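> Structural data only, the sequence is not supplied:
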């Protein structure tokens, strides 16, 4: 059994990652690293088999592990990632993966030299309703994909467990951006999965709250060789919901939060137990993703495709920021 440590014991780690690992027969979390005493104390309640440490250096001196699972805020991802690679530990890392393309290049090279896997969390691919939609697309139910429309509405950004940074998602220095870097990351990798090709062009229009700060609304268009995607995101919605629409040359697939409609060569409507918009942690999605992650730890070559997809996600989002900045400068 692989032994691992969670780095950053916030809400996602506690409610999303830990339950899946605790049920796994193939991997176990034996340690938690967190800089705050309060969250180390909380992690210590997980069981006698879990030790807690303030730093990765303390962890390395005390434990023999195979991997780390990074759940810190985004700007804090690179250091534990690079530390782990230098110790030949595999890495699983929450989104957004890293915020600097230079770091992406360093991580790629170092991981290859060390022979370890570095894997991004892409758990939205494993939501049951999304998997069913993807299966329908791959089966040819709507023919060739021509258009994707993704909408995400939230009443506000998700809260943080860190008392020192109670609203880090609105701090660009920590989050790397606003709703586009946060919710948009999921939308981008889903679109890349469905079109199965890199985006060739990016358009963007962002809204920033009065007084400045990171974007709280975003509309992004991605052009692909065979079609186009539109992604619309807001933290200012009246309701919490998600919708996705995949339009092909022979029909469409619609995800209306918890209901899937397939209208093409086959016709079906299915209601799921949980809506996409319910909660922020999704332990069942993480659990469904975990076997693929562990397979990459056993065979690091499997990590290359998801790693490069994450690298392209970062490139797309940064292009969107540059496009919006350019438009803003022209309008002055």
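Received, thanks. Computed from a predicted structure; not experimentally measured. Residues are numbered from 1 along each chain as shown.

> When you work out contacts or count neighbours from here on, use the C-alpha atoms and nothing else.
Will do.

> Which stretches in the stretch 51-200 of the chain count as helices?
56-62, 78-86, 101-114, 128-138, 172-175, 179-195 (DSSP state H, counting those that start in this stretch).

> So which bits of the shortest one are buried?
So the one you mean is helix 172-175. By neighbour count with 16 or more other C-alpha atoms under 10 Å, helix 172-175 contains the buried residues 172, 174-175.

> Reformat those as CSV; add distance to residue 155 and pLDDT.
Output for those, formatted as CSV (distance: C-alpha to C-alpha, whole Å; pLDDT from 0 to 100):
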residue, distance to residue 155, pLDDT
172, 19, 81
174, 21, 89
175, 19, 86
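
> Run through who's touching the worst-scoring helix or strand of the chain on mean pLDDT.
Lowest on mean pLDDT, DSSP states H and E among the helices and strands of the chain sits helix 172-175, with a mean of 84. Contacts of helix 172-175 with the rest of the structure, by C-alpha atoms under 8 Å, 6 or more residues apart in numbering, involve 73-76, 168-169, 178, 181-182, 213-214.

> if we go to 7 Å?
Here helix 172-175 makes contact (C-alpha atoms under 7 Å, 6 or more residues apart in numbering) with 73-75, 168-169, 178, 214.

> same thing with stretch 99-109?
So stretch 99-109 is in contact with 75, 82, 98, 176, 311, 314, going by C-alpha under 7 Å, 6+ apart.

> quick one: average pLDDT of it?
Per-residue pLDDT values over stretch 99-109 give a mean of 97.

> That one: how far from the chain's middle?
Chain-centre distance of stretch 99-109: 17 Å, with C-alpha atoms, centre = their mean, to the nearest Å.

> And that stretch, what's buried?
99, 104, 107-108.

> Also stretch 292-309?
293-294, 296-297, 300, 302-304, 306-307, 309.

> just stretch 63-82 next, same as before
65-78, 80-82.

> What about the residues you listed, which are in strands?
Among these, DSSP state E puts 67-70 in strands.

> A strand includes residue 318, no?
No - Residue 318 is assigned helix when assessed by DSSP: H, G, I helix; E, B strand; the rest coil, not a strand.

> Near it, how many residues? Count them for me, please.
20 (other C-alpha atoms under 10 Å).

> With residue 265 as the reference, measure out to it.
When distance is defined by C-alpha to C-alpha, to the nearest Å, residue 318 is 38 Å away from residue 265.

> cool, residue 179 as well?
36 Å.

> Compare those two and say which is more crowded by neighbours.
residue 179 (24 against 13).

> Nearest spatial neighbour of that one, chain-adjacent residues omitted?
residue 216 (5.6 Å; C-alpha to C-alpha, 6 or more residues apart in numbering).

> Break the chain down into its domains, please.
2-122+288-292, 124-278+313-331 (automatic domain parsing).

> Start and end of the shortest one, how far apart?
Meaning domain 2-122+288-292. Across domain 2-122+288-292, first to last residue, C-alpha to C-alpha, it's 14 Å.

> Pull the distance from that domain to the chain's centre.
Worked out by C-alpha atoms, centre = their mean, domain 2-122+288-292 lies 15 Å from the chain centre.

> what's the closest of the ones in strands among the buried residues of stretch 63-82 to residue 234?
Nearest to residue 234 out of those is residue 70 (C-alpha to C-alpha; 26.3 Å).

> quick one, strands of the stretch 151-300 of the chain?
Under the criterion DSSP state E, counting those that start in this stretch, the stretch 151-300 of the chain contains strands at 201-207, 217-224, 227-234, 241-248, 251-256, 259-263, 267-271.

> name the helices or strands packed onto the first one?
Right, the one you point to is strand 201-207. strand 217-224, helix 304-331 (3 or more C-alpha pairs under 7 Å, 6 or more residues apart in numbering; DSSP states H and E).

> a markdown table for the contacts of helix 172-175, including distance to residue 250?
A markdown table is the format used below for the contacts of helix 172-175 (distance: C-alpha to C-alpha, whole Å):
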| residue | distance to residue 250 |
| --- | --- |
| 73 | 42 |
| 74 | 40 |
| 75 | 43 |
| 168 | 44 |
| 169 | 40 |
| 178 | 36 |
| 214 | 40 |
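
> and the residue nearest the centre of the chain, what does it touch?
For the chain, the residue nearest the mean C-alpha position is residue 95 (3.7 Å; C-alpha atoms, centre = their mean). Neighbouring residues of residue 95 by C-alpha under 7 Å, 6+ apart: 120-121.
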